[in-house]
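Asker: the following comprises the amino acid sequence and a computationally predicted model.
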Amino acid sequence: MKNNISYLCKLVGVSRSGYYNYFSLKSQQSRNLNDDQDKTVRDHILNAYNFKGRKKGARQIKMTLEGQFAIVYNLKRIRRVMKKYRIICPIRKANPYRRMMKATKEHKYLPNLLNRKFKQNIPRKVLLTDITYLFYGKGNKAYLSTIKDGSTNEILAYNVSDSLTLPIVIDTLHKLEKKKIKLAKGAFIHSDQGFHYTSPKFQKLVKSYALGQSMSRRGNCWDNAPQESFFGHFKDEANIKTCETLDDLKKEIKDYMSYYNNYRYQWALERMTPVQYRNHLLSSL
């Protein structure tokens, strides 16, 4: 028996003393204590993971634990416990359906005023806008248009439609105006070169709201990366697949937007929510 243990220890590269220590009462009690502690951490992680019904990754969990439950764990510990109990965070997938629609000769392309300077620390100055597709129910398709604050990541206005025609962006702008949001001096809206944004009607409406307008370079998604990032997180975290009707979808999106702006902590915003960060920036101006 002794020789068998020596052989096995040599085979797996551990010492005999280490083998006996592993099975000692003290070591077993220590492991049981660690398991109990990990289970407590796991339960706290799951509370944060499921907070507001939105699944989260390790960083989101850490910030939610601190912001909502006054519990502080380091990121390494959270990741270790998540791995141990197979708590999987959502992973964003590339959008294979994105497409450009051909504009008419009357449509006008505008220069890139933004040049990827998304974070200007001035709320409501850089407004990013775009449209994404949404599949729901039994093969139904809808579209989401949003206007996002480049400095705070706050969603200032959005519109959901089952049509990709021009009114989807026109109505989004109208909704922004109806909210009577006080924009910063020199505010402008930045988009890609899609036919909605090159439309004379859209550009005229932008000017009537005293906004400047900027466009990404053709075919360069990085020029509007924060907006693309938002759509990726949204599709990971919103419960779109459970929606059976367009009304269900609109309700879910409304709930998500409230969650995102008010409760979804972001690492790049000094671990604040978009609304908290907006108020933080305004207080320092």
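Answerer: Ah, there it is.

Asker: dihedrals phi and psi, Q266?
Answerer: The phi/psi pair for Q266 (degrees, to the nearest 10) reads phi -130, psi 130.

Asker: surely it touches T152?
Answerer: No. The pair Q266 and T152 fails to qualify as a contact (CB atoms under 8 Å) at a distance of 9.4 Å. For every residue, glycine as well, the C-beta is placed using N, CA and C.

Asker: any shared contact partners between those two?
Answerer: 274, 277 (CB atoms under 8 Å, 6 or more residues apart in numbering).

Asker: and those two? Which one has more around it.
Answerer: T152 (28 against 19; other CB atoms under 10 Å).

Asker: specify the local secondary structure of that one.
Answerer: Assigned with DSSP: H, G, I helix; E, B strand; the rest coil, T152 falls in the coil class.

Asker: switch to numbering from 34
Answerer: Got it, first residue is 34 now, which makes that one T185.

Asker: how about the contacts made by it?
Answerer: 156, 302, 307-308, 310-311, 314.

Asker: check Y176 too.
Answerer: Contacts of Y176 (CB under 8 Å, 6+ apart): 164-167, 193-197, 201.

Asker: bridging residues for it?
Answerer: When bridges are called by DSSP bridges, Y176 pairs up with Y166, S194.

Asker: T179 against L160, yeah?
Answerer: No. Look at T179 against L160 with CB under 8 Å: they stay out of range, at 10.1 Å.

Asker: which residue comes closest to V193 once chain neighbours are left out?
Answerer: K283 (5.1 Å; CB to CB, 6 or more residues apart in numbering).

Asker: what's the first helix or strand after whichever strand or helix holds that neighbour?
Answerer: Assigning secondary structure by DSSP states H and E places K283 in helix 279-295. With elements assigned by DSSP H and E, the helix or strand that comes after helix 279-295 is helix 307-317.

Asker: tell me what the helix or strand containing L41 is packed against?
Answerer: Here L41, judged by DSSP H and E, is contained in helix 35-45. Where contact means 3 or more CB pairs under 8 Å, 6 or more residues apart in numbering; DSSP states H and E, helix 35-45 is packed against helix 49-55.

Asker: quick one: residues in contact with the helix it packs on.
Answerer: 38-39, 41-42, 60.

Asker: filter the residues you listed down to the buried ones, ChimeraX style.
Answerer: Of these, the buried ones can be selected in ChimeraX as follows, counting by 16 or more other CB atoms under 10 Å:
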select :42
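
Asker: quick one: which of the contacts of helix 49-55 is nearest to K218?
Answerer: When the contacts of helix 49-55 are ranked by distance to K218 (CB to CB), S60 comes first, at 66.0 Å.

Asker: now that closest one: how far from S50?
Answerer: 12 Å (CB to CB, to the nearest Å).

Asker: ditto for I222
Answerer: Distance from I222 to S50, by CB to CB: 69 Å.

Asker: neighbour count for those two, which is higher?
Answerer: I222 (23 against 9).

Asker: A strand includes that one, no?
Answerer: Yes. Judged by three-state DSSP, I222 forms part of a strand.
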